[in-house]
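Asks: sequence plus predicted model, see below.
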Amino acid sequence: MSVILKLENINYSYVDGGMKRTILKDCSYEFEAGKFYTILGPSGSGKTTLLSIIAGLDNPESGTFYYDGEDVKKIGLAKYRRNKMAIVFQQYNLINYLTGIENVELAMTETDNPIPKNRKEVGYALLEKFGIVKSKADRLVTKLSGGEQQRVAIARAIASNVDLIFADEPTGNLDTATEQEIIRIFRMLTEEFGKTVIVVTHSNAVSELSDLRVRLQEGNLHSIE
């Protein structure tokens, strides 16, 4: 299996109460294409910071990460964010004054990747694949349940035809039954859509059903057997 994302000696620290705190120290890891990963670790270990860095939302102090063998800085962070990856947030981060289908369609307009001309039809099909029927897709997202909003957020993430899907505690606000449905969708993203999914989570239920579990410990990533 090919490596789609490679981290090489990533370092990150911040000053807290006048003291420098290092949370990523020569962090290196390789993520394979088409796999579902979960990143575990205690609160404050740097999981969300790491996700922000590999999503191109924050810069490390030093180190490099590569997308499909190319230095992301050479690709350009803006281009990388627009065409290579998408994020699913715990709080969904949908545009509240738009409907579900409008949120998904908007994602298709914000990428340079090839997108079918029949965007609305494709959007409805994606949403239905994830359990959002047309009548619900046409509602304002504020009229949907938390689980339904997260399904819309996942559909929006893959609508831009990217290969990397990142998620930060995506089931943190959901009940157990809905969490299981979201996990099923993440597995579907890898098995049916060929996406690489990297999820930061505290949930054992999520991690146990991922392909590969990784722990962020003492500033570095370690595979969990």
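Replies: Yes, it's here. Remember, it's a predicted structure, so these values are computed and weren't measured experimentally.
Asks: show me what contacts Gly194?
Replies: By C-beta atoms under 8 Å, 6 or more residues apart in numbering, the contact set of Gly194 is 33-34, 163. The C-beta positions use only the backbone N, C-alpha and C, and glycine is treated the same way.
Asks: looking at this structure, which helix or strand is least sure?
Replies: Of all helical and strand segments in the chain, the minimum by mean pLDDT, DSSP states H and E falls on helix 204-208, at a mean of 90.
Asks: buried set for the next helix or strand after that helix?
Replies: Going down the chain from helix 204-208, the next helix or strand is strand 212-217, by DSSP states H and E. Buried positions in strand 212-217, judged by neighbour count with 16 or more other C-beta atoms under 10 Å: 213-216.
Asks: who wins on neighbours among the contacts of Gly194?
Replies: Within the contacts of Gly194, Asp163 tops the neighbour count with 20 neighbours, counted by other C-beta atoms under 10 Å.
Asks: I figured that one hits Ala86, correct?
Replies: No: counting by C-beta atoms under 8 Å, Asp163 does not reach Ala86; the two are 9.6 Å apart.
Asks: just the element for the residue nearest the centre of the chain, please.
Replies: Geometric centre of the chain, nearest residue: Phe166, 1.3 Å, by C-alpha atoms, centre = their mean. In this assignment (DSSP H and E), Phe166 forms part of strand 164-168.
Asks: keeping just the C-alphas, turn the helix or strand just after that strand into CSV.
Replies: Later in the chain than strand 164-168, the nearest helix or strand by DSSP H and E is helix 176-191. Extracted as CSV, the C-alpha positions of helix 176-191 are listed here (Å, rounded to 0.1, in the frame of the first residue of the first chain):
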residue,chain,number,x,y,z
THR,A,176,-23.8,5.7,21.2
ALA,A,177,-26.2,4.6,18.5
THR,A,178,-25.4,7.6,16.3
GLU,A,179,-21.7,7.2,17.0
GLN,A,180,-21.9,3.7,15.6
GLU,A,181,-23.5,5.0,12.4
ILE,A,182,-20.8,7.6,12.0
ILE,A,183,-18.1,4.9,12.4
ARG,A,184,-19.8,2.8,9.8
ILE,A,185,-19.7,5.8,7.4
PHE,A,186,-16.0,6.3,8.1
ARG,A,187,-15.4,2.7,7.2
MET,A,188,-17.4,3.2,4.1
LEU,A,189,-15.2,6.1,3.1
THR,A,190,-12.1,3.9,3.0
GLU,A,191,-13.7,0.6,1.7
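Asks: quickly run through the sheet partners of the next helix or strand after helix 176-191, with directions.
Replies: Using DSSP H and E, the helix or strand that follows helix 176-191 towards the C-terminus is strand 196-200. According to DSSP bridges, strand 196-200 has the following sheet partners: strand 36-40 (parallel), strand 164-168 (parallel).
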